[in-house]
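Participant: Need the 3D shape of this:
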Amino acid sequence: MKRTLPILLLLPLLLAAGPGCGPSREEFDGAVDRLDFRQVVRRAKERVFPAVVFIKCLSESYEGGRKLTREVSGSGVIVSPEGEVLTNWHVVEKATEIRCLLYSGESFAARLVGTDKDTDLALLRREAPAGKSTPLPPLPCATLGDSTRLVEGDFVLAMGAPWGMSRSVSIGIVSCPRRYLPGYGHYSLWLQTDASISPGNSGGPMVNAAGEVVGINTLSSFTGGDLGFAVPSETVSFILPQLREHGRVNWSWTGLELQPLRDFDKNIAFEASEGVVVAGTDPESPARRAGVQPRDRLLRVNGRPVTALTAEDLPAVRRLLGSLPRQQPAKLELLRGEEPVTVEITPRDKGSVEGEALDCPRWDLTVKAINEFENPGLHFQRRTGVFVYGVKYPGNAWGSGLRHQDIIVRIDGREVKTLPEVKAAHAAALTGLPGRPRVPLVILRGGVEHQIVLTFSRDYDKE
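Facilitator: You can find the predicted model right below:
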């Protein structure tokens, strides 16, 4: 069935792609005023599809109580002729080997350039084959568009490799261009679409009708209709240069918990139209040490006005605070009641949002370092330490009563606070086999100490 779209939507689609990573909008001036809808989709697809890659990774996993290597697949999009591939962090998390399949059927190995778990973005780069010294040929690449120009009802394409099926494209509309998802995306809003996004589409591009990448497909829901979410290109444009330069995003931590002026979820509306409300401050955080108090209204950061009328405005304010230089004083202008207050806050490096992990064979468990950002509840109990990350079932740790998130305080009478200390204690315990197949542990569970004897006489891996 033939359909036509409004002139303003079609104008960017009517000329062939130029060289490099794609055409500029100026190249489309003077196009005809109407085009078959099928050709709109085809033109947009042709501009980006050659730059879509199918990604396969070998990744390490510790969740099951032992170190496992598993195969993970996802999608990505090439964003430079040199072979830079943009994808999701969760696609390449803990990857030890990454391979990318091109539209042409060729493939290449890739190395990880940088990741940011907070925005779920990662950057890869093509690696030259071993022994090859000549320059690699340029690859087809896509152009980043401007996601801030999207409105509800705009057509978009979701490209990628759903369920590991190499390559596909689906079509839909922008359901919401500024979706706020509590707990997902501290520093970014989301593009919501009804285009089909399935497992395996993660990391693939969301493309507008002009054939530009306006998002990176990331989340989906299988209940309540077609709900797909993409990291907008506005966020990608902010993150990408930092991944290229530093291999990470150097977020600063202030410890400020923020609340919008119109908080619909909590049925609270503050009588103000400027600023953002401080809901609280984290313990031992720079904000608390600087004297920032709950219900203060933050008006300016280093002279720059900030306002969050609704929850959709919070990520932009958090991104501003997260971009403050670390270990350098920043001036916050607040309103406390009716009294203006100015404080100096010194943000510090947020550091890793995920602790390191360690496999303990024969004990049948994995342990992980406590991280104040990923495990705030455990960090409250013990600021420095390790906890049980995974317990194999059936296995010796499970049979001895150890459970996920138990904090290990002492092993065989010696206090442990780091993974190397656990590793040394584990190695020492195994040297006692077969005569001494048990070791006493002291753990914290819910803030209460427990004595547990870990018996590891059985070798479950050989049964």
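Participant: count of residues packed around Glu60?
Facilitator: Burial of Glu60, expressed as a neighbour count using other C-beta atoms under 10 Å, amounts to 14. Where C-beta positions appear, they are placed from N, C-alpha and C, glycine not excepted.
Participant: and it, what does it touch?
Facilitator: Lys67, Leu68, Thr69, Lys94, Thr96 (C-beta atoms under 8 Å, 6 or more residues apart in numbering).
Participant: And Val48, by the same measure?
Facilitator: Counted by C-beta under 8 Å, 6+ apart, Val48 has contacts Gly22, Val77, Ala142, Leu157, Met159, Pro205, Val207, Gly211, Glu212, Val213.
Participant: So what does it have for phi and psi?
Facilitator: phi -110, psi -30 (degrees, to the nearest 10).
Participant: picking that back up, which of the contacts of Glu60 lies closest to Arg262?
Facilitator: Taking C-beta to C-beta as the measure, Arg262 sits nearest to Lys94 out of the contacts of Glu60, at 40.4 Å.
Participant: Pull up the gap between the closest one and Glu106, please.
Facilitator: 26 Å (C-beta to C-beta, to the nearest Å).
Participant: which of those two has more neighbours?
Facilitator: More neighbours surround Lys94 than the other of Lys94 and Glu106, with 15 against 9 (other C-beta under 10 Å).
Participant: hang on, the more buried one packs against Ser59?
Facilitator: Yes: look at Lys94 against Ser59 with C-beta atoms under 8 Å: they come within range, at 4.8 Å.
Participant: Flag the shaky bits of this protein, pLDDT-wise.
Facilitator: Low-confidence segments of the chain, defined by pLDDT under 70: 1-35, 222-225, 352-354.
Participant: Domain boundaries for it, per the record?
Facilitator: When the chain is parsed with automatic domain parsing, its domains come out as 1-248, 252-349, 357-462.
Participant: Most tightly packed of these?
Facilitator: Among the domains of the chain, ranked by average contacts under mean count of other C-beta atoms under 10 Å, first place goes to domain 1-248 (a mean of 19).
Participant: quick one: that domain to chain centroid distance?
Facilitator: Offset of domain 1-248 from its chain centre (C-alpha atoms, centre = their mean, to the nearest Å): 14 Å.
Participant: Scan the protein for its longest helix.
Facilitator: helix 233-246 (DSSP state H).
Participant: Next step: the contacts of Val48 restricted to strands.
Facilitator: If you go by DSSP state E, the contacts of Val48 have Val77, Leu157, Met159, Pro205, Val207, Val213 in strands.
Participant: Spatially, which two of those are the most separated?
Facilitator: Largest separation among those by C-beta to C-beta: Val77 and Leu157, giving 11.9 Å.
Participant: picking that back up, take the contacts of Val48 and write them to JSON lines, including distance to Asp36.
Facilitator: What follows is the contacts of Val48, written out as JSON lines (distance: C-beta to C-beta, whole Å):
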{"residue": "Gly22", "distance to Asp36": "22"}
{"residue": "Val77", "distance to Asp36": "26"}
{"residue": "Ala142", "distance to Asp36": "23"}
{"residue": "Leu157", "distance to Asp36": "16"}
{"residue": "Met159", "distance to Asp36": "21"}
{"residue": "Pro205", "distance to Asp36": "23"}
{"residue": "Val207", "distance to Asp36": "18"}
{"residue": "Gly211", "distance to Asp36": "16"}
{"residue": "Glu212", "distance to Asp36": "21"}
{"residue": "Val213", "distance to Asp36": "24"}
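Participant: dump the residue contacts of Asn208.
Facilitator: Here Asn208 is in contact with Ala44, Gly145, Leu150, Asp154, Phe155, Val156, Val214 (C-beta under 8 Å, 6+ apart).
Participant: quick one: it from Val214, how far?
Facilitator: 5 Å.
Participant: which neighbours do these two share?
Facilitator: Gly145, Leu150, Val156.
Participant: hang on, the earlier thing: export the ones in strands among the contacts of Val48 to JSON lines and tack on distance to Leu320?
Facilitator: Below are the ones in strands among the contacts of Val48 laid out as JSON lines (distance: C-beta to C-beta, whole Å):
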{"residue": "Val77", "distance to Leu320": "28"}
{"residue": "Leu157", "distance to Leu320": "32"}
{"residue": "Met159", "distance to Leu320": "32"}
{"residue": "Pro205", "distance to Leu320": "27"}
{"residue": "Val207", "distance to Leu320": "29"}
{"residue": "Val213", "distance to Leu320": "25"}
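Participant: Please tell me how far the residue most central in space within the chain sits from Gln192.
Facilitator: Geometric centre of the chain, nearest residue: Asp120, 1.7 Å, by C-alpha atoms, centre = their mean. Distance from Asp120 to Gln192, counting by C-beta to C-beta: 16 Å.
Participant: ok, now Arg436?
Facilitator: 58 Å.
Participant: End to end on stretch 430-441, go ahead and measure it.
Facilitator: End-to-end distance of stretch 430-441: 15 Å, with C-alpha to C-alpha, to the nearest Å as the criterion.
Participant: actually stretch 345-363, sorry about that
Facilitator: End-to-end for stretch 345-363, by C-alpha to C-alpha: 45 Å.
Participant: Run the chain-centre distance for it.
Facilitator: The gap between where stretch 345-363 is centred and where its chain is centred comes out at 16 Å by C-alpha atoms, centre = their mean.
Participant: and what of stretch 289-304?
Facilitator: In this view, stretch 289-304 has its centroid 28 Å away from the chain centroid, taken as C-alpha atoms, centre = their mean.
Participant: Not counting its own residues, what contacts that stretch?
Facilitator: 256, 258, 270, 272, 274-281, 305-306, 317, 320-321, 324, 330-336, 341, 343-346.
Participant: Quick one: mark the members of those that sit in strands.
Facilitator: Among the contacts of stretch 289-304, the ones falling in strands (DSSP E) are 256, 258, 276-281, 305, 330-336, 341, 343-345.
Participant: by how many degrees do the one helix or strand Ser220 maps to and helix 233-246 diverge?
Facilitator: Here Ser220, judged by DSSP states H and E, is contained in strand 213-221. Orientation of strand 213-221 against helix 233-246 (axes from the mean of the first three to the mean of the last three C-alpha atoms, to 10 degrees) gives an angle of 100 degrees.
Participant: Please put the alpha-carbon coordinates of strand 213-221 into CSV.
Facilitator: Extracted C-alpha coordinates of strand 213-221, given in CSV (Å, rounded to 0.1, in the frame of the first residue of the first chain):
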residue,chain,number,x,y,z
VAL,A,213,21.5,7.8,14.0
VAL,A,214,19.4,9.5,16.7
GLY,A,215,19.8,6.8,19.4
ILE,A,216,21.3,3.5,20.5
ASN,A,217,18.8,0.8,21.2
THR,A,218,19.1,-0.4,24.8
LEU,A,219,15.9,-1.5,26.6
SER,A,220,12.7,-3.2,25.7
SER,A,221,9.6,-4.5,27.4
